[in-house]
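*Asks:* how does the following fold in three dimensions:
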Amino acid sequence: MKKLCRVTFEARLDVFEGRADLKTNELVSRHLADNCAACSDDIAWLSAYVPAVNKALKYDEQRVSDRAFALARNLMQPRTESTVTRLVTAARLLFDSRNRNTAFAPARDSADGSVHVVYRTDSADVDLWQEEQRAGDWYVTGQALSLDGLDMPPPTGATLRFATEEPRVATIENAEFSFESVASGNYLLSLLWDNLEIQVGDLAVGSAEAP
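*Replies:* The predicted structure is shown next:
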């Protein structure tokens, strides 16, 4: 299985575009020198398709800042035994390796048997890898990475839902969550923390297209 990397997609983009600080440059350079597949694949993708990624990264900075402060205030609120307030946030598609024209709409094929997708919220990226085990059957693994560069605790739970089927529960180990033998299709991925839920509502597994 492909080894996940804790360097965010945004950090690789900053290095590629020359905006990264010295620490980030050294970190990504070290990963590339160590033949990190995730860093190498994304840098290669950016070299060919950076205009689409630049378009995808345009967003209202003030709105993001306000939402980030709201999230921080929510997480700092004391929790009572009877009531737990959980902020639910939806993630949007930022990057899909199946598509060679835009960072938002996945294409039909994944001929090399490996798919890398990144979804973004105002505070974190959800970095996902899919590997084909046999025709139409995929291993899905991922992790949540904080946009502020700090370590993000692993989710306390992760589920994958498809239509009316019972939700599938992920195995969580070393901050990574994984699902075995997932059929191609469109899924709802939910990641849970004590005070936060991230929902990926249009996760296209395998050759599926996002709705």
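*Asks:* for Arg120, list each beta-bridge partner.
*Replies:* On the basis of DSSP bridges, Arg120 is bridged to Arg92, Asp125.
*Asks:* where exactly do the helices run in the protein?
*Replies:* Shown for the chain, the helices assigned by DSSP state H span residues 9-16, 22-33, 37-56, 61-76.
*Asks:* which of these has the lowest average pLDDT?
*Replies:* Set side by side, the helices of the chain differ in mean pLDDT, and helix 61-76 is lowest with a mean of 52.
*Asks:* for Cys36, which non-adjacent residue is closest in space?
*Replies:* Here the nearest residue to Cys36 in space, its sequence neighbours aside, is Cys5; by C-beta to C-beta, 6 or more residues apart in numbering that works out to 5.4 Å. Just so you know, the C-beta spots here come from the backbone N, C-alpha and C atoms, and that holds for glycine as well.
*Asks:* and the one you found, how many neighbours?
*Replies:* When neighbours are counted by other C-beta atoms under 10 Å, Cys5 registers 22.
*Asks:* quick one: distance of stretch 29-40 to the chain centre.
*Replies:* Its chain's C-alpha centre and that of stretch 29-40 lie 18 Å apart, by C-alpha atoms, centre = their mean, to the nearest Å.
*Asks:* tell me how far Asp42 lies from His116.
*Replies:* Asp42 sits at a distance of 7 Å from His116 (criterion: C-beta to C-beta, to the nearest Å).
*Asks:* just the pLDDT for the spatially closest residue to Asn174 that is not a sequence neighbour.
*Replies:* On the basis of C-beta to C-beta, 6+ apart, the spatially nearest residue to Asn174 that is not a chain neighbour turns out to be Pro154, at 7.7 Å. Among the per-residue scores, Pro154 holds a pLDDT of 91.
*Asks:* please identify the buried residues of stretch 4-13?
*Replies:* Within stretch 4-13, the residues that qualify as buried by neighbour count (16 or more other C-beta atoms under 10 Å) are Leu4, Cys5, Val7, Thr8, Phe9, Glu10, Ala11, Arg12, Leu13.
*Asks:* again, but for stretch 148-168
*Replies:* By neighbour count on 16+ other C-beta under 10 Å, the buried set for stretch 148-168 is Met152, Pro154, Pro155, Ala158, Thr159, Leu160, Phe162, Arg168.
*Asks:* and these, which is closest to Thr85?
*Replies:* Nearest to Thr85 among those: Pro155, at 17.1 Å, using C-beta to C-beta.
*Asks:* for Thr171, see how far away the closest one is.
*Replies:* When distances are taken as C-beta to C-beta, Pro155 and Thr171 turn out to be 12 Å apart.
*Asks:* quick check: neighbours shared by these two?
*Replies:* Jointly contacting Pro155 and Thr171 under the rule C-beta atoms under 8 Å, 6 or more residues apart in numbering are Phe177.
*Asks:* before we move on, the earlier item: show me the buried residues of stretch 148-168 that map onto strands.
*Replies:* Members of the buried residues of stretch 148-168 lying in strands (criterion: DSSP state E): Ala158, Thr159, Leu160, Arg168.
*Asks:* by pLDDT, give me the weakest of these.
*Replies:* Arg168 (91).
*Asks:* contacts only, for that residue.
*Replies:* For Arg168, the contact set (C-beta under 8 Å, 6+ apart) comprises Thr159, Leu160, Arg161, Phe179, Val182.
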